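# Sequence plus the predicted model coming up.
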Amino acid sequence: MKAFTTLVTNIDSSTKTTVKVQSLVNYFQEASDEDKLWTIALFTHRRPKRPVKTSLLREWASELANIPLWLFEESYHIVGDLAETIALLVPQSAHEPPIGLSKWIGRVIALRDQSEEDKKAAIQKYWKGMNQMERFVFNKILTGGFRIGVSQKLLTKALAIYLEQDEAVVAHRLMGNWLPNQTTFNQLLIEKDEHDMDAKPYPFYLTYALDKDLNDIGEPKDWIAERKWDGIRAQVIVRNKEIYIWSRGEELVTDKYPELHLLTERIDNCVLDGELMAYKDDQPLSFHHLQTRIGRKTVSKKLLSDVPVILMAYDILEYNGKDIRSTPIKERRALLENLVIEANYTSLKLSELVDFKNWKDLELEKDKSRALHCEGLMLKKKDSLYQVGRVKGDWWKWKVEPYTIDAVLTYAMRGHGRRANLYTDYTFGLWENGVLVTFTKAYSGLTDKEILEIDRFVKQNSIQKFGPVRSVKPEIVFELAFEGIAISKRHKSGVAVRFPRIKRIRYDKKIEEANTLDELKALIE
Amino acid sequence: MAKTLLQFTKKGIYCPQAKVYIDPWKSVKKAIITHAHADHSRKGMEQYLAHHYSIPIMKARLGNNINIQGLAYGEVININGVNFSLHPAGHVVGSAQVRVEYKGEIWVVSGDYKTEYDGLSTAFEAIKCHTFITECTFGLPIFQWQPQNEIISNIEQWWRKNQEDKVCSVISAYSLGKAQRLLHNLPDIGSIYVHNAVSQMNKAIEVNGIQLTNTYQVINGDLSKSDFQKALIITPNGGLGNNLQKQIGKFVTASCSGWMQLRGARRRQNLDKGFVLSDHADWTGLNDAITLTGAENVICTHGYSETFSSWLREKGLNASTEHTLFQGEEGDTV
């Protein structure tokens, strides 16, 4: 496992993608096929089942470190990572003979069927025989959650370089339900397939937010407008009766959206651009619903019927196997409209054009966005081609302003990973009958410098400690922005807000000037 | 409250019998200073008392006109019946623990300390006492240091690798303490340049006749990229300015701190390397030191004081915590 540990160390100590990719390539060049396969498996979340409860690991580590369990917990709160805490606390007192990653995984799998006593003896022996970094890596394999800054995309890139293959081919081959103990590195990645290139997507055309007056972008007659749907952007490829769905992050997500799979019986050899959306009873569900689908690798029947997903198509990039990106959008849309009608497929819808004669009309349409669960409007020039990457001028997104509210910082929690041991996760309250009622948490939006400022404030103004959480003296007002608001029975405040983030710290405001819960509720439409 | 030999007041640790403060954070008449770091040695005292080695450093930082008296380690000074003496704390050059004795009762104020000898600062000595006031910057069992020679050899390997890659090695280390530790302990494998702030501290230490093994040059505008290619630059925390970055060409950065033990802290700093090197005692060091003092009462000040004193109480000591304005290791706080 030495080589794998070195790999993890190298990846972990760098923030540069190029360095990470190179470390992976170097590793693949040296590693055995079994180790390569397991490495890919771990980095694509196909780790062996956790063989032992973490509460037992805590006990066994405390025992070896010769400290009481409460001190282990205190240490864990500071470190913010269980695998690392154990790695730091257990002293090395022996040397395990070096064996490869796949053999270690074999040991972890073998643990599952052992008695608790045998598990304890084995794990404690392994711990003692490793150095700190090896112990950390071993614990990560043991406890799962191998998040060390290797995205599927980064892994794909490294494998593509190592194998001298196209990235799309590698990405496609890493998809699906393969299991490391039922395949080989060769089968997974090397054996040729004539349709390998079918999965290859086009680069997305991305847009900038409208940064000028509508009158300055030209005449209304030269433009079309569409709703800016609140889902996730996707490219759906159907080639040779196979479907491939790419997310905007250029990750292949075909398996997550089975509703679209039978599209292969209706259309072929074309590529669509659109929005994956939760959609039911002929109307969009809020993004909150789609979120329950995004994270899932496998989708249950219940979830499929509760939160069905459709593709809201707004562009077509390939038609009858021909790249039509340099045809004006007016013509592309005509092809798309026909195709959607002919396909007559429940989970494929057309993003209708928004009617307008002048910019004033369009302003009024934009005001309907929230009611329609949309983020705003998309403006596209009628003669625009499908360009590559983020390009200014021909397409604009015109988003509605987020809601904002002034709230008071009431609790802070230590972050994890890069933010471990800093207070970076904040809870906010709004006034109700003279009391601050918790209504949301927010994590993002502060600069590194502000994070340190707030961290210092939290440490100096704590009222009480509850494990990693501290209640703080209500003193700082934050302006929070959020995208949506809904009634919620699960929240103490009675409302749930979507995508809350910090807009700025309002040092100029006293806490009495923060908003009330009633003022927040008044925003619900 | 019964009158105790030392008390924690708004101005600092106070001995009412002698009317003397130890490392006060507000202006007072008479202050005994454990060491020259800014959180322990503040300006505005009428009279200072510190180890001889600390005098040039404190003058460099607080001004030449301070009224300061020097003491040797072990030398006893009697103030209104109270015997004060300084004893090596091993933290930085000139750092001392303050032993306070009155009518047979002995208290020791640790200041900051480390138990491992760093080759430069006079080695830590445990002093028998009834009450020990201890720092606990790294008072959690997750903080365990490797021996200094192992860390120095890791730094050397990093430097050598950078030399092969023809990039300059920039290492940030506190200007008083770790900068000199590096200068003194690294092997002579290339030119070492230091930031002006480091050079000033070096001089203040060398005045005492302490010789740093490696020669070094202060960075100046006349140097060119080729001078830096295989060199090591020691800079105080806070890093390099833009002009300097342009001047030295390609470089990689590292930092030396006890906080580098934590992966989160390492990653947050966006560094090429984080070396776990501290001038504070680790968990084992703190526990050993406390055992060796034989103290029944332990007062924990800066660091993980609540957790650490709970641990000491569990071991049967009479341990408590007091709030101070001391800051522990620079660079990060938890």
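Happy to help now that I have it. Numbers count the residues shown, from 1 in each chain, chains lettered A, B, ... in the order given.
# and the residue of the stretch 51-200 of chain B found nearest chain A, which of the three is it?
Distances between the stretch 51-200 of chain B and chain A by Cβ to the nearest Cβ are smallest at B:Ile142, namely 4.2 Å. (Glycine included, C-beta is placed from N, CA and C.) When states are read from DSSP: H, G, I helix; E, B strand; the rest coil, the local structure at B:Ile142 comes out as coil.
# check contacts around it.
A:75, A:78-79, A:85, A:88-89, B:261-262, B:283 (Cβ atoms under 8 Å, 6 or more residues apart in numbering or on different chains).
# and the residue nearest to it when sequence neighbours are not counted, which of the three is it?
Distances taken as Cβ to Cβ, 6 or more residues apart in numbering or on different chains put A:Leu88 closest to B:Ile142, at 4.2 Å, once the chain neighbours are dropped. Reducing the assignment to helix, strand or coil with three-state DSSP, the entry for A:Leu88 is helix.
# ok, so what distance separates A:Leu88 from A:Ser305?
Distance of A:Leu88 to A:Ser305, given as Cβ to Cβ, to the nearest Å: 47 Å.
# Now do A:Ile294, the pLDDT please.
A:Ile294 is assigned a predicted lDDT (pLDDT) of 85.
# Phi and psi next, for the nearest residue to it once chain neighbours are set aside.
Nearest-residue entry for A:Ile294: A:Ile232, 6.9 Å, with adjacent residues in sequence omitted and distances by Cβ to Cβ, 6+ apart. For A:Ile232, the backbone dihedrals are phi -120, psi 140 (criterion: degrees, to the nearest 10).
# Buried ones in stretch A:324-342, by neighbour count?
By neighbour count, and taking 16 or more other Cβ atoms under 10 Å in any protein chain shown as the criterion, the buried residues in stretch A:324-342 are A:324-325, A:327, A:329, A:332-333, A:335-336, A:339-340.
# And stretch A:481-498, by the same measure?
Neighbour-count burial for stretch A:481-498 flags A:481-485, A:493, A:495-498 (criterion: 16+ other Cβ under 10 Å).
# Name the helix or strand for the residue of chain B found nearest chain A, please.
Evaluated by Cβ to the nearest Cβ, chain B has B:Gly264 as its residue closest to chain A, separated by 2.9 Å. Using DSSP states H and E, B:Gly264 sits within helix B:263-268.
# do B:Tyr21 as well
strand B:20-22.
# can you redo the contacts of B:Ile142 as TSV with neighbour count, pLDDT and distance to A:Gln22?
Converted to TSV, the contacts of B:Ile142 look like this (neighbours: other Cβ atoms under 10 Å in any protein chain shown; pLDDT from 0 to 100; distance: Cβ to Cβ, whole Å):
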residue	neighbour count	pLDDT	distance to A:Gln22
A:Ser75	25	95	34
A:Ile78	20	88	33
A:Val79	26	90	29
A:Thr85	26	96	30
A:Leu88	26	97	28
A:Leu89	27	97	33
B:Gln261	22	92	27
B:Leu262	25	90	26
B:Trp283	23	97	37
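# Looking at these, spot the one nearest B:Ser110.
Among those, B:Trp283 lies closest to B:Ser110 (Cβ to Cβ), at 15.3 Å.
# May I have whichever strand or helix holds A:Ala496 exported as PDB, CA atoms only?
Of the helices and strands defined by DSSP H and E, A:Ala496 is found in strand A:495-498. In PDB, the C-alpha atoms belonging to strand A:495-498 read as follows (Å, rounded to 0.1, in the frame of the first residue of the first chain):
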ATOM      1  CA  VAL A 495     -40.000  28.000   6.700                       C
ATOM      2  CA  ALA A 496     -37.200  26.500   4.500                       C
ATOM      3  CA  VAL A 497     -35.100  28.700   2.200                       C
ATOM      4  CA  ARG A 498     -33.200  27.400  -0.800                       C
END
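# Show residues contacting the helix-or-strand element of chain A with minimal mean pLDDT.
Comparing helices and strands within chain A by mean pLDDT, DSSP states H and E singles out strand A:462-466 as the least confident, with a mean of 79. Taking contacts as Cβ under 8 Å, 6+ apart, the residues outside strand A:462-466 that touch it are A:470-473.
# Tell me how many other residues crowd residue 306.
The chain I'm using is chain A. The tally of other residues near A:Asp306 (other Cβ atoms under 10 Å in any protein chain shown) stands at 14.
# Oops, wrong one, chain B.
14.
# got a list of what it touches?
B:Thr321.
# Check B:Tyr21 too.
Contacts here follow Cβ under 8 Å, 6+ apart; on that basis B:Tyr21 touches B:11-15, B:28, B:30-32, B:45.
# ok, now B:Lys26?
B:10-12, B:44.
# returning to that earlier point: need the contacts of B:Ile142 in JSON lines with distance to A:Phe138, can you?
What follows is the contacts of B:Ile142, written out as JSON lines (distance: Cβ to Cβ, whole Å):
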{"residue": "A:Ser75", "distance to A:Phe138": "19"}
{"residue": "A:Ile78", "distance to A:Phe138": "21"}
{"residue": "A:Val79", "distance to A:Phe138": "16"}
{"residue": "A:Thr85", "distance to A:Phe138": "14"}
{"residue": "A:Leu88", "distance to A:Phe138": "14"}
{"residue": "A:Leu89", "distance to A:Phe138": "14"}
{"residue": "B:Gln261", "distance to A:Phe138": "19"}
{"residue": "B:Leu262", "distance to A:Phe138": "19"}
{"residue": "B:Trp283", "distance to A:Phe138": "23"}
